[in-house]
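Student: Test case, fold it:
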Amino acid sequence: MEHNFFGKNLNKGVIHVRKIYKDNKTICHRTFSYGGANNILMYKEEIPLNSHESYFETKGHSPSTIHHFYEKLFRLADNMNTKTAKEQAIVRTEFMKKFVNEFLEEWEGLK
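Tutor: Just a heads-up that it's a prediction; the model follows:
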């Protein structure tokens with residue numbers, strides 16, 4: 001049995017899911033922190049979200065933080081070298097997509 005910080009018994013699956021969730025939150029937070037620190041807009045709605053084939057076409061400069069998710073972060077699984085890394089990237093990408101969809105709904109006043 002595994003133990004969390006509170007001493008409760010948890011199985012490895014639950015601990016694994018918690019680690020994935022924590023990693024995903026960190027990716028999202030770091031992305032927005034970087035954007036803010038570098039004066040990158042959170043979202044530039046006049047530019048279509050899939051306006052570039054890849055992050056490399058932008059020469060590393062996405063028009064907004066949300067665009068960075070579409071141009072680079074959502075494509076991480078495509079760039080993984082191992083099956084395990086690809087599987088983890090797919091799970092993380094689904095979390096990020098939910099986060100970005102929630103952000104866009106709030107941005108557009110739908111929530």
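Student: Grab the nearest non-local neighbour of Leu76.
Tutor: Distances taken as C-beta to C-beta, 6 or more residues apart in numbering put Ala89 closest to Leu76, at 4.4 Å, once the chain neighbours are dropped. Quick note: C-beta positions are derived from backbone N, CA and C, even for glycine.
Student: quick one, helices of this protein?
Tutor: With helices called from DSSP state H, the chain shows them at 12-37, 65-71, 83-107.
Student: Using PDB, write down the CA coordinates of the second one.
Tutor: In other words, helix 65-71. Listed next in PDB are the C-alpha coordinates belonging to helix 65-71 (Å, rounded to 0.1, in the frame of the first residue of the first chain):
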ATOM      1  CA  THR A  65      -0.700  32.300 -24.200                       C
ATOM      2  CA  ILE A  66      -3.800  30.500 -25.300                       C
ATOM      3  CA  HIS A  67      -2.300  30.200 -28.900                       C
ATOM      4  CA  HIS A  68       0.800  28.600 -27.300                       C
ATOM      5  CA  PHE A  69      -1.400  25.800 -26.000                       C
ATOM      6  CA  TYR A  70      -2.700  25.100 -29.500                       C
ATOM      7  CA  GLU A  71       0.600  25.600 -31.300                       C
END
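Student: which helices and strands does that helix pack with?
Tutor: helix 12-37, helix 83-107 (3 or more C-beta pairs under 8 Å, 6 or more residues apart in numbering; DSSP states H and E).
Student: average pLDDT across the last one?
Tutor: In this model, helix 83-107 carries a mean pLDDT of 92.
Student: got the buried residues for it?
Tutor: The neighbour-count check on helix 83-107 (16 or more other C-beta atoms under 10 Å) flags 88-89, 92-93, 95-96, 99-100, 103 as buried.
Student: Where does the prediction get shaky in this structure?
Tutor: For the chain, applying pLDDT under 70 flags the ranges 1-25, 51-60.
Student: 50 instead, please
Tutor: 1-7 (pLDDT under 50).
Student: Return the member of the buried residues of helix 83-107 nearest to Met80.
Tutor: Distance to Met80 across the buried residues of helix 83-107 (C-beta to C-beta) is lowest for Ala89, with 5.1 Å.
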